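Asker: build me a structure from this.
(one chain, ligands or ions: 1)
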Amino acid sequence: MANTIAHTTPSSTPKGAIGRRQFMAYGTGVIGAVIASIVGIPIINYFISPALGHSQATAKSEWKEMGVISQFPVGVPTKVEYSEIQKTGWEVAEARKTVWVVNQGNGQVTAYNPRCTHLGCAVYHDEKANTLNSPCHGGVFRVSDGKVLAGPPPRALDTLPVKVENGHISVIYKDFRVGTTEKIEL
Ligand code: FES
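Answerer: Got it, this is the predicted structure:
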């Protein structure tokens with residue numbers, strides 16, 4: 001009966017240690033993953049932010065000059081329109097804004113967001129009644145304080161931060177949720 005002898009080839013790598021090639025492969029993989037995360041996360045963020053509605057640059061909290069107070073008749077709303085550049089992700093667009101400014105006299109000024117608090121229709125000035133009216137469902141607002149005089153709006157017109165410096169009126173434009181009794185900034 002012939003005896004068989006098993007031949008084993010001695011390994012050049014001690015058991016439990018990794019070879020030079022394996023080490024290089026692991027090292028390259030780790031470095032690649034680090035570089036990919038450094039470069040990739042901002043790129044992914046750039047592409048998905050607009051889809052998530054994240055605005056990267058808005059002029060949300062900037063004071064905008066409306067004009068000189070002496071140009072605004074007392075007790076009557078004046079419509080001020082302006083445009084600003086808004087950047088959302090890769091989109092750059094010109095946004096038109098409207099503010100209703102009321103010179104209350106004695107240097108006091110009130111500014112309103114133009115959206116009706118019911119469903120957001122843009123209010124207009126009814127010159128005869130001197131009220132701010134919604135064209136959609138009969139909402140009527142008092143000029144002096146924005147209070148609801150008629151119709152379904154659940155709260156007064158939304159006032160905006162306003163200041164008068166050296167006779168110049170400035171306003172910070174903001175939007176608010178419509179259809180709620182509470183004034184909730186968007
Ligand atoms: S949107 Fe103004 S009353 Fe409905």
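
Asker: list the residues that contact residue 93.
Answerer: Listed by Cβ atoms under 8 Å, 6 or more residues apart in numbering, the contact set of residue 93 reads 85, 86, 87. Every residue, glycine included, has its C-beta placed from N, CA and C.

Asker: I figured residue 180 hits residue 186, correct?
Answerer: No: contact criterion Cβ atoms under 8 Å: residue 180 and residue 186 do not qualify, at 11.4 Å.

Asker: got the phi and psi for the nearest residue to residue 176 once chain neighbours are set aside?
Answerer: Leaving aside its chain neighbours, residue 176 sits nearest to residue 158 (4.6 Å; criterion: Cβ to Cβ, 6 or more residues apart in numbering). The phi/psi pair for residue 158 (degrees, to the nearest 10) reads phi -80, psi 120.

Asker: can you read off the pLDDT for residue 158?
Answerer: Reading off the confidence values, residue 158 has pLDDT 98.

Asker: repeat that for residue 84.
Answerer: 86.

Asker: ok, what's across the strand from it?
Answerer: On the basis of DSSP bridges, residue 84 is bridged to residue 95.

Asker: ok, now which ones touch residue 181?
Answerer: Residue 181 sits in contact with 154, 155, where contact means Cβ under 8 Å, 6+ apart.

Asker: helix, strand, or coil at residue 70?
Answerer: What DSSP: H, G, I helix; E, B strand; the rest coil gives for residue 70 is helix.

Asker: coming back round to it: can you put the contacts of residue 93 in a markdown table and add distance to residue 109 and neighbour count?
Answerer: Converted to a markdown table, these look like this (distance: Cβ to Cβ, whole Å; neighbours: other Cβ atoms under 10 Å):
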| residue | distance to residue 109 | neighbour count |
| --- | --- | --- |
| 85 | 26 | 11 |
| 86 | 26 | 16 |
| 87 | 30 | 14 |
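
Asker: of the residues you listed, closest to residue 162?
Answerer: residue 86 (21.6 Å; Cβ to Cβ).
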